[in-house]
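>>> quick one: sequence and predicted model below, then my questions.
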Amino acid sequence: MKIIADMSVRDIDKLFGMLDGFDDFSISYLETNNIKHESIYDADILLVRSQTLINEKLLLSSNIKWIGSATAGIDHIDTRFLESKNINWFNAQGCNAYSVCNYVLSSLYELKKDKIYKDTDILGIVGYGNIGKRLKSILDNLNIKNIAYDPFVKSKRLSTIDELLEAEIISVHTPLTFDTKYPTYTMINESFFNKSKCHSIINTSRGGIVSESSVIDRKLNYIADVWEDEPSANNDLVSYCYIATPHIAGHSFEGKVNGTIDILRALMSFLNFDESTVNKNLKIIEDFYPPQKNYYGDLKDFNNNYDISQESKNFKDLFKKLPQNNFNKLRDRHAKRHDLSVYNI
């Protein structure tokens, strides 16, 4: 059986060299831009990150039986095509949730430092999934006023859309959808702002969820990690943003490590590894990644851990110098960081 893995999947080559049960597999490692139909068609298993488009063009008439994506999102995966061809797939949901939380809390500190965010303000969380739940728990622990809104989740902890309109800061944590019961495409728009008390938006989900033109027209404080036309971004918007970064909110060390661990777990399950082999391999992985011992006490701890203001300055400066088609190269230049990875929740 043949496995092809994107070399950008964190430590994948090192781990395959250490784990039991893969001796009889042929394993090849490719750069992201070399993952094309002609290079993967005879493989059985493909491991990727979000920059590889998993679609009919890549997979038609291939031998691929299972795909693992070491990322939380699935925008790059044509799930309908995979299901029509009975190709199994997995994505590492929630792998970078704490990394995104750190980004949001570091941003909140910047707003507070500049006296934009006040202790009386409410932070409204849009989306109550892997990230939204963790963010709310951390905010509760820090005694920061917050509410969460998600029309797809039934919970007494959640608020209504009318209550969300009372929030002075909005943090977006929902997929970009068009044809669901509650589509999120431009859900934060001129109509929303007409009714809302919002003065600041933090968007770490997808650019199209927030109307970018409305943000500028309303002169709101916009903290953007995602952009409607990625991998391009609007020059005027980048310059305007209170904080601007190149889609790296989830790119902590632990965020990437968790993605690797998750797809290896899923792969061993797909291959029907026996329980003793799985447990042994998980112990090998645990020993390879000794846990970080970092704690938080207040917002400043998150900012000390991740200086988002400097990250934004670096991105804006580079964005002015480099053509827009270098967006992905700018992502690679982001500050390397760990999560504050021990949370009291």
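Sure, I can see it.

>>> quick one: the helices in the stretch 151-300 of the chain, in order.
Secondary structure of the stretch 151-300 of the chain (DSSP state H, counting those that start in this stretch): helices at 161-164, 190-195, 212-217, 235-240, 253-270, 275-288, 299-305.

>>> give me the helices and strands touching the fifth one, please.
Spelled out, that is helix 253-270. Using 3 or more C-beta pairs under 8 Å, 6 or more residues apart in numbering; DSSP states H and E, the elements in contact with helix 253-270 are helix 12-16, strand 45-48, strand 66-69, strand 88-91, helix 97-113, helix 275-288. (Glycine included, C-beta is placed from N, CA and C.)

>>> one more time with 10 Å
Applying 3 or more C-beta pairs under 10 Å, 6 or more residues apart in numbering; DSSP states H and E, we find helix 253-270 packed against strand 2-6, helix 12-16, strand 45-48, strand 66-69, strand 88-91, helix 97-113, helix 275-288.

>>> could you give the angle of it to strand 2-6?
Relative orientation of helix 253-270 versus strand 2-6 (axes from the mean of the first three to the mean of the last three C-alpha atoms, to 10 degrees): 170 degrees.

>>> residues contacting residue 169?
104, 107-108, 111, 116-118, 121-125, 144-146, 197-202, 221, 223 (C-beta atoms under 10 Å, 6 or more residues apart in numbering).

>>> again with residue 57
Counting by C-beta under 10 Å, 6+ apart, residue 57 touches 36-37, 78, 81.

>>> got the buried residues for whichever strand or helix holds it?
Take DSSP states H and E as the rule and residue 57 turns out to sit in helix 56-59. In terms of neighbour count (16 or more other C-beta atoms under 10 Å), helix 56-59 has its buried residues at 58-59.

>>> for the contacts of residue 57, which PyMOL command selects only the ones that are buried?
Applying 16+ other C-beta under 10 Å to the contacts of residue 57, the buried members can be selected in PyMOL as follows:
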select buried, resi 78+81
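
>>> which of the contacts of residue 169 fall within strands?
Using DSSP state E, the subset of those located in strands is 123-125, 146, 200-202, 221, 223.

>>> could I get those as CSV with neighbour count and pLDDT?
Compiled in CSV, the ones in strands among the contacts of residue 169 are given as follows (neighbours: other C-beta atoms under 10 Å; pLDDT from 0 to 100):
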residue, neighbour count, pLDDT
123, 24, 98
124, 25, 98
125, 28, 98
146, 20, 98
200, 21, 98
201, 25, 98
202, 28, 98
221, 20, 98
223, 27, 98
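
>>> number of residues surrounding residue 112?
17 (other C-beta atoms under 10 Å).

>>> find me the pLDDT at it, would you?
Residue 112 carries a pLDDT value of 97.

>>> could you check how far it is from residue 310?
Spatial separation of residue 112 from residue 310 under the definition C-beta to C-beta, to the nearest Å is 17 Å.

>>> so can I have CSV of the contacts of residue 57 showing secondary structure, distance to residue 209 and pLDDT?
Below are these laid out as CSV (DSSP: H, G, I helix; E, B strand; the rest coil; distance: C-beta to C-beta, whole Å; pLDDT from 0 to 100):
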residue, secondary structure, distance to residue 209, pLDDT
36, coil, 31, 96
37, helix, 32, 96
78, coil, 21, 96
81, helix, 25, 96
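
>>> and the contacts of residue 57, which is closest to residue 335?
Lowest distance from residue 335 to the contacts of residue 57 (C-beta to C-beta) belongs to residue 36, with 31.3 Å.

>>> so how far is residue 192 from residue 3?
Using C-beta to C-beta, residue 3 is found at 46 Å from residue 192.

>>> between the two, who's got more neighbours?
residue 3 (21 against 18).

>>> quick one: residues contacting that one.
12, 16, 22, 25-29, 43-47, 66, 68, 267, 271.

>>> would you agree residue 59 is in contact with residue 87?
Yes. Using C-beta atoms under 10 Å, residue 59 is in contact with residue 87, at 6.9 Å.

>>> can I get the least confident helix or strand in the chain by mean pLDDT in CSV? Just the C-alpha atoms.
Here the helix or strand of the chain ranked lowest by mean pLDDT, DSSP states H and E is helix 327-332, holding a mean of 78. The C-alpha trace of helix 327-332 is given here as CSV (Å, rounded to 0.1, in the frame of the first residue of the first chain):
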residue,chain,number,x,y,z
PHE,A,327,0.0,35.9,0.0
ASN,A,328,1.0,32.3,0.8
LYS,A,329,4.6,33.3,1.1
LEU,A,330,3.6,35.9,3.7
ARG,A,331,1.8,33.2,5.6
ASP,A,332,5.1,31.3,5.9
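
>>> for that helix, name the packing helices and strands.
Using 3+ C-beta pairs under 10 Å, 6+ apart: helix 327-332 touches helix 308-321.
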